[in-house]
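> sequence unavailable; structure follows:
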């Protein structure tokens, strides 16, 4: 590690060292501000965790201040990525910002910097895992309706672009392409909405069928302690006989002491909020599929024809696919840019196949 500049037994830092230290100092100050802003937008334990990370970034800041000493100079600006994160943390503070912070922490450069301590490098690695866990909490809290909306929009974009390009390539009139696109929009949105309703409703019903009965709690205080039928419940759930016996004894003791009977047997009276409702998922899926499917129709609605309409539709859908790919990447924890490009290639690949099919059909009919 480089020496503190005031120590005359060590060489003075170079101009490049000073620039690097000042940049590290600016980044640490900005990152501490990011975590403070995120902490203000969260409550309870999450606020405490984010505030603790902010304090760690302030310790790193003091390290660079010590190295710089009197040569700290004028404040410099943090890296562009850090400034963007700071802006988003101040104005949004959502799971998407946490996901971006997670990826930003993964690119921490202290491992390869001799002037940073091993503790600082380890801190950054731990920060990445902490933010990963917080982002996972946020992803888990996202409702099924929101996920249905994101994927519904993507499906609408791809399916209707492919349909419109395939029909257009066959040589039919502009009016026919427009009617086909609108019909595809409505049919696909209804199909997606119905499918999401059935899927989410079925998932809730399966979970509810597997959940403990809400009436079982009232039986706890009447059980024969010597026979203890409650052991059988826990053995059926996978515990060994010894574990089930000990756990059942504890549950019976807590029930006698007035503990919540539903919680004692593992019942969840609060329902399955994270899944969402069938109706909510259906409405979201319908609306967002329709929104996505409308985009490739827009050039034809505004009177464009032929190659101009095809190129315009493909370009609009491409932009939208990149946007939904970034959102899906953040939701899944995958690299957003990579996921966006994958969405784009899949969408354009499907459209290209149907366009070529339309050319073949059109040529055959001609």
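Everything's here; your move. Since the model is a prediction, treat every value here as computed from it, not as a measurement.

> show me where the stretch 151-300 of the chain has its strands.
Ranges of strands in the stretch 151-300 of the chain, per DSSP state E, counting those that start in this stretch: none exist.

> pLDDT weak spots in it?
Where the stretch 151-300 of the chain drops to pLDDT under 70, the residues are 204-230, 233-234, 237, 251-276.

> go again using 50 as the cut-off
216-217, 219-227, 256-265, 267-274 (pLDDT under 50).

> for it, just list every one of the helices.
Using DSSP state H, counting those that start in this stretch, the helices found in the stretch 151-300 of the chain span residues 174-210, 230-236, 241-256, 261-264, 278-294, 298-301.

> one more: the stretch 1-150 of the chain?
Here the stretch 1-150 of the chain has its helices, by DSSP H, counting those that start in this stretch, at 15-40, 44-68, 80-91, 95-106, 118-141, 144-169.

> what's the angle from the last one to helix 118-141?
When you say that, I think you mean helix 144-169. 80 degrees (axes from the mean of the first three to the mean of the last three C-alpha atoms, to 10 degrees).

> which elements pack onto helix 144-169?
helix 174-210, helix 278-294, helix 306-332, helix 336-365 (3 or more C-beta pairs under 8 Å, 6 or more residues apart in numbering; DSSP states H and E). For the C-beta atoms, the positions are set from N, CA and C on the backbone; glycine is no exception.

> now render the ones you listed as JSON lines, adding distance to residue 89 and mean neighbour count.
Listed next are those as JSON lines, based on distance: least, C-beta to C-beta, whole Å; neighbours: other C-beta atoms under 10 Å:
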{"stretch": "helix 174-210", "distance to residue 89": "32", "mean neighbour count": "17"}
{"stretch": "helix 278-294", "distance to residue 89": "27", "mean neighbour count": "23"}
{"stretch": "helix 306-332", "distance to residue 89": "15", "mean neighbour count": "18"}
{"stretch": "helix 336-365", "distance to residue 89": "17", "mean neighbour count": "16"}
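
> quick check, residue 111 in contact with residue 121.
Yes - counting by C-beta atoms under 8 Å, residue 121 is a contact partner of residue 111 at 5.0 Å.

> with neighbour numbers in mind, choose between these two.
Set residue 111 next to residue 121 and count neighbours by other C-beta atoms under 10 Å: residue 121 wins out with 15 against 12.

> leaving out sequence neighbours, find the closest residue to that one.
Using C-beta to C-beta, 6 or more residues apart in numbering and skipping the chain neighbours, the partner closest in space to residue 121 is residue 110 (4.1 Å).

> please apply the same query to residue 88.
Nearest non-adjacent residue to residue 88, counting by C-beta to C-beta, 6+ apart: residue 97, 4.8 Å away.

> and that neighbour, how far from residue 324?
Noted for residue 97: a distance of 18 Å to residue 324, by C-beta to C-beta, to the nearest Å.

> still on that earlier bit, and the helices of the stretch 151-300 of the chain: which comes nearest residue 136?
helix 174-210 (20.1 Å; C-beta to C-beta).

> ok, back up a step: reformat the helices of the stretch 1-150 of the chain as a markdown table; add distance to residue 236.
Below are these laid out as a markdown table (distance: least, C-beta to C-beta, whole Å):
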| stretch | distance to residue 236 |
| --- | --- |
| helix 15-40 | 43 |
| helix 44-68 | 33 |
| helix 80-91 | 47 |
| helix 95-106 | 36 |
| helix 118-141 | 27 |
| helix 144-169 | 29 |
